[in-house]
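> quick one: sequence and predicted model below, then my questions.
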Amino acid sequence: MDNSDCDQSANNKSADPCAEDQFPEPVNDHIDFYKSALLHIDDFVSFLDRGYRYRAISRGYLQFFNLKAEDVIGHYAWELHGKERFSTRLKPQLDRSLIDGEEVRFSTEIISPAGEIRHINTRNVPYLNADGAVVGVVINARDETRVWYAEHEFRRLIDDSL
């Protein structure tokens, strides 16, 4: 596995965010609870640690992408999304949360496993430990394709009536 992306981010911090021991014990103590709770959520929710490794994933995410939990949990984001997409589209957004501690909201398009364009609204929220240090990011993404098409149809109808 190539950790070059991870190694680059380590240069931005004094400690290597990809080191196995960087995931704090308080989060480790609760990770089974998070994993269990997320298996009941239909939105695309995931938890990534500072090394961009998936630690928990929601049922909605797994169902949409036709995956099993073991296909995702413990794997790095670039393994699932490809190095190119990870480096150019995902990592910059994740780093705003993981490095800068910023809550990030953005919209994007993805191609579903069925080949359909889906419009996704995403919110990345830094996960802080008891000392206030960012130890991961909670990602909540929602498929808003129906809303997107309804808004565009509404705008078209208004434009046509003018």
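Yes, it's here. Note that the coordinates shown come from a computational prediction; the quantities given were computed from them, not determined experimentally. Residues are numbered from 1 along each chain as shown.

> can you tell me the element the residue most central in space within the chain falls in?
Nearest to the mean C-alpha position of the chain, by Cα atoms, centre = their mean, lies residue 139 at 4.2 Å. If you go by DSSP states H and E, residue 139 is part of strand 134-143.

> can I get that strand in PDB, CA atoms only?
Listed next in PDB are the C-alpha coordinates belonging to strand 134-143 (Å, rounded to 0.1, in the frame of the first residue of the first chain):
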ATOM      1  CA  VAL A 134      -8.500  16.900  15.900                       C
ATOM      2  CA  VAL A 135      -8.300  13.100  15.900                       C
ATOM      3  CA  GLY A 136     -10.600  12.400  13.000                       C
ATOM      4  CA  VAL A 137     -13.400  13.700  10.800                       C
ATOM      5  CA  VAL A 138     -17.100  12.700  10.700                       C
ATOM      6  CA  ILE A 139     -18.400  12.900   7.200                       C
ATOM      7  CA  ASN A 140     -22.200  13.200   6.600                       C
ATOM      8  CA  ALA A 141     -23.200  13.100   2.900                       C
ATOM      9  CA  ARG A 142     -26.700  13.000   1.600                       C
ATOM     10  CA  ASP A 143     -28.000  12.100  -1.900                       C
END
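
> just checking, what packs against that strand?
strand 44-49, helix 91-98, strand 117-128 (3 or more Cβ pairs under 8 Å, 6 or more residues apart in numbering; DSSP states H and E). For every residue, glycine as well, the C-beta is placed using N, CA and C.

> report the angle between the first one and helix 91-98.
Computed with axes from the mean of the first three to the mean of the last three Cα atoms, to 10 degrees, the direction of strand 44-49 lies at 70 degrees from that of helix 91-98.

> tell me the most buried of the helices and strands packed on strand 134-143?
Stretch with highest mean neighbour count among these: strand 44-49 (a mean of 22; mean count of other Cβ atoms under 10 Å).

> hang on, residue 48 packs against residue 135?
No. Assessed by Cβ atoms under 8 Å, residue 48 is found out of contact with residue 135, at 10.4 Å.

> give me the distance from the lengthiest helix in the chain to the chain's centre.
Assignment by DSSP state H gives helix 145-161 as the longest helix of the chain. Chain-centre distance of helix 145-161: 29 Å, with Cα atoms, centre = their mean, to the nearest Å.
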